[in-house]
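Visitor: coordinates for the following, if possible.
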Amino acid sequence: MAKPLVSIITPSYNSTKYIGDTIASVQAQTYDHWEMIIVDDCSKDNSREYIKGFAEADPRIRLIELEVNSGAAVARNTAINNAKGKYAAFLDSDDLWFPEKLEKQIAFMEEKGYALTYSAYQLMQENGEKLDRFINVPDEVTYKDLLKGNIIGCLTAIVNIEKTGHIEMPNIRTRQDYALWLSILKRGFTAYGMNEVLACYRLVPGSISSNKVKMAKQNWKVYREVEKLNLFYSAYCFCGYAWNAVKKTYLKQ
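Guide: Numbers count the residues shown, from 1 in each chain. You can find the predicted model right below:
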């Protein structure tokens, strides 16, 4: 039986410093039936030329160049709209996958028929040095569970588009991945986790995700403006989010 195609969704902006390692981690996959769609969001460095070299050498890699700087949500949605796979997997331009990531997770999804899955992952420093820090995950998560904190690392998420139908991230500055997972689970799906470390998340100083105050504000925005939760329930969910954020940051995983 033919392997299902996996479309890898990768937004790029000024990514020359890291994206070579990211692409290499995809090319090292033991599961080889994939396409990697990289959407460059008007980089100011030589990212486009650098990525073109990889695309010319490997026909599974496609580069799409946006004409106007539009943000990560538009870049990801552009990739999704050009995807041909049964599955959409997400990998940002500074993160890494371990070699058996796709093989293990796709087998998990094919066997169980799941629509959305995720895995545990490791943290690494900006220079690529792996840290003895791991983000463990529960076996499953529902919509109400996820409102109290996003435990689905974007670099680990895979969606079966044949089951969910068309997917799209809301055009917000950050947390658009979180909003997408919520939109899928809100429709009655459950997300299932593999508590096995299959990816590596790069800690980059100055990134949006490294600013805890901004992230908290964006989380509140998701509750109120995207999910349209009332003030009381938003506050209840935010307390759960804050507690989980404290545990994730300060307590040993």
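Visitor: wait, what's in contact with residue 108?
Guide: Contact analysis of residue 108 by C-beta atoms under 8 Å, 6 or more residues apart in numbering lists 114, 117, 192, 194. Any C-beta I mention is one placed from the backbone N, CA and C, and that applies to glycine too.
Visitor: just the CA trace of the longest helix along the chain, in PDB.
Guide: Using DSSP state H to define each element, the chain has its longest helix at helix 231-250. Extracted C-alpha coordinates of helix 231-250, given in PDB (Å, rounded to 0.1, in the frame of the first residue of the first chain):
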ATOM      1  CA  LEU A 231     -15.500  37.500  30.200                       C
ATOM      2  CA  PHE A 232     -16.100  35.100  33.100                       C
ATOM      3  CA  TYR A 233     -15.100  32.000  31.200                       C
ATOM      4  CA  SER A 234     -12.200  33.800  29.600                       C
ATOM      5  CA  ALA A 235     -10.900  34.700  33.000                       C
ATOM      6  CA  TYR A 236     -11.400  31.100  34.200                       C
ATOM      7  CA  CYS A 237      -9.400  29.700  31.200                       C
ATOM      8  CA  PHE A 238      -6.700  32.400  31.600                       C
ATOM      9  CA  CYS A 239      -6.100  31.300  35.200                       C
ATOM     10  CA  GLY A 240      -5.600  27.700  33.900                       C
ATOM     11  CA  TYR A 241      -3.300  29.000  31.200                       C
ATOM     12  CA  ALA A 242      -1.200  31.100  33.700                       C
ATOM     13  CA  TRP A 243      -0.800  28.100  36.100                       C
ATOM     14  CA  ASN A 244       0.200  25.800  33.300                       C
ATOM     15  CA  ALA A 245       2.700  28.400  32.000                       C
ATOM     16  CA  VAL A 246       4.300  28.700  35.500                       C
ATOM     17  CA  LYS A 247       4.600  24.900  35.700                       C
ATOM     18  CA  LYS A 248       6.100  24.700  32.200                       C
ATOM     19  CA  THR A 249       8.600  27.400  32.900                       C
ATOM     20  CA  TYR A 250       9.700  26.800  36.500                       C
END
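Visitor: buried residues in that helix?
Guide: Within helix 231-250, the residues that count as buried by 16 or more other C-beta atoms under 10 Å are 234, 237-238, 241, 245.
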